[in-house]
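With the sequence up front, the predicted model follows.
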Amino acid sequence: MAYYQTILGRRSKWAEDYNLVWGKVFHKVAEVWSKTGEVQDVQEIIASNLEEENDDRYGRNQFKMQEAFLAWAKFRVADPIQILRAEQPAVVACLDQACPYSDNGCGLTYGGKLDQIVRWQAMVGPLDFKTTVRDESDPISEFKPSHQMEGYVWLTSHLMGKHCWGVIVERIIANKSKIKVDRFPIPSTKDQIREWVETEKITHAEIQAKFATHSNNELHWKQNKHRCAQPYMCRFRDVCLSPQSFEFRYRWLRDNTREDRFDFRKDEKASSPSEVPDGA
């Protein structure tokens with residue numbers, strides 16, 4: 001996956017799951033609203049990415065996305081949050097210098113793209129938008145600390161120069177019967193982040209060693225099947241479960257993927273409007 005998705009920049013040719021499309025559109029809507037504060041810009045994003053009338057089994061379409069956006073904008077006014085950095089791409093190389101987690105540096109280089117870095121109720125941390133159709137009674141148990149979230153905390157802590165409290169989740173529920181927005185924190189301790197760092201360093205070392213020895217010969221790479229049977233399976237499932245044939249895998253990747261490179265290091269500065277759009 002590191003080779004095909006990150007180095008070669010390959011993505012599946014096939015249509016994405018509607019849940020992923022819906023989440024991406026809301027992320028883009030929130031990003032554009034934070035940058036411009038123009039309702040017309042938001043409407044253009046929605047119109048160009050979602051069907052006007054055709055909806056999925058949860059009733060999600062253009063109109064439902066507009067409802068979700070307005071509910072989120074009102075929520076932001078009712079429960080203000082301070083945006084310290086908006087849509088923050090970053091690469092951090094923590095080597096041989098004091099940092100929030102070590103006097104000698106973490107010895108790790110890691111990058112990604114954060115939705116926002118925020119301050120809320122005296123807590124500073126990365127904000128992550130989560131779109132869903134379910135209203136869980138205990139949302140914190142649904143979004144417990146994960147590899148992705150701990151990476152967000154590590155990045156944010158280095159950008160802000162101190163250990164951040166955790167990830168602030170804004171959850172947007174949209175289905176046939178309701179639109180609901182809420183916000184809650186997912187805490188991470190310093191020890192949890194230090195453990196994440198050590199795990200990440202081991203993974204990086206294994207990948208680098210494999211490339212140094214075997215380059216792109218997949219026959220020498222371990223198959224990772226733990227998600228293959230899950231509902232939201234990886235698009236590369238077929239090639240991973242294929243017979244041990246380099247030629248077959250090469251043809252499959254050539255025929256079923258396209259190049260789609262995204263430079264998450266690109267800096268995109270933004271403003272952060274605080275008012276509800278007209279007509280809300």
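That came through, no problem.

In three-state terms, label residue 91 for me.
Secondary structure assignment for residue 91 (DSSP: H, G, I helix; E, B strand; the rest coil): strand.

Likewise for residue 32?
Classification of residue 32 by three-state DSSP places it in helix.

Contacts only, for it.
Contact partners of residue 32, counting by C-beta atoms under 8 Å, 6 or more residues apart in numbering, are 38, 41, 42, 45. All C-beta spots, glycine's among them, are computed from the backbone N, C-alpha and C.

go on, residue 28?
45, 49.

what about it, distance to residue 116?
Using C-beta to C-beta, to the nearest Å, residue 28 is found at 14 Å from residue 116.

Please enumerate the strands of the chain.
With DSSP state E as the criterion, the chain has strands at 10-12, 82-94, 108-120, 123-132, 166-174, 179-187, 257-259.

Comparing the ones you listed by mean pLDDT, which bottoms out?
Across those, strand 10-12 has the smallest mean pLDDT, namely a mean of 75.

Show me what that strand is packed against.
Helices and strands in packing contact with strand 10-12 are listed as strand 257-259; criterion 3 or more C-beta pairs under 8 Å, 6 or more residues apart in numbering; DSSP states H and E.

Off-centre distance for the strand it packs on?
The offset between the C-alpha centroid of strand 257-259 and the centroid of the whole chain comes to 20 Å, using C-alpha atoms, centre = their mean, to the nearest Å.

How about it, which residues are buried there?
By neighbour count on 16 or more other C-beta atoms under 10 Å, the buried set for strand 257-259 is residue 257.

List the buried residues of the longest helix belonging to the chain.
With DSSP state H applied, the helix covering the greatest number of residues in the chain is identified as helix 190-214. Of the residues in helix 190-214, 193, 196, 197, 200, 210 count as buried by neighbour count, 16+ other C-beta under 10 Å.

So which of the strands of the chain is the most surrounded?
Among the strands of the chain, ranked by average contacts under mean count of other C-beta atoms under 10 Å, first place goes to strand 166-174 (a mean of 23).

Parallel or antiparallel, list what pairs with that strand.
strand 123-132 (parallel), strand 179-187 (antiparallel) (DSSP bridges).

Need the ones you listed in JSON lines (columns: distance to residue 101).
As requested, the strands paired with strand 166-174 are arranged in JSON lines below (distance: least, C-beta to C-beta, whole Å):
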{"stretch": "strand 123-132", "distance to residue 101": "15"}
{"stretch": "strand 179-187", "distance to residue 101": "16"}
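
Residue 247: which of those is closest?
Using C-beta to C-beta as the measure, strand 123-132 is the one of the strands paired with strand 166-174 that comes nearest residue 247, at 40.0 Å.

give me the low-pLDDT residue ranges for the stretch 151-280 of the chain?
For the stretch 151-280 of the chain, the stretches flagged by pLDDT under 70 are 214-235, 240-244, 261-280.

Let me know how buried residue 95 is, in neighbour terms.
Using other C-beta atoms under 10 Å, residue 95 has 12 other residues around it.
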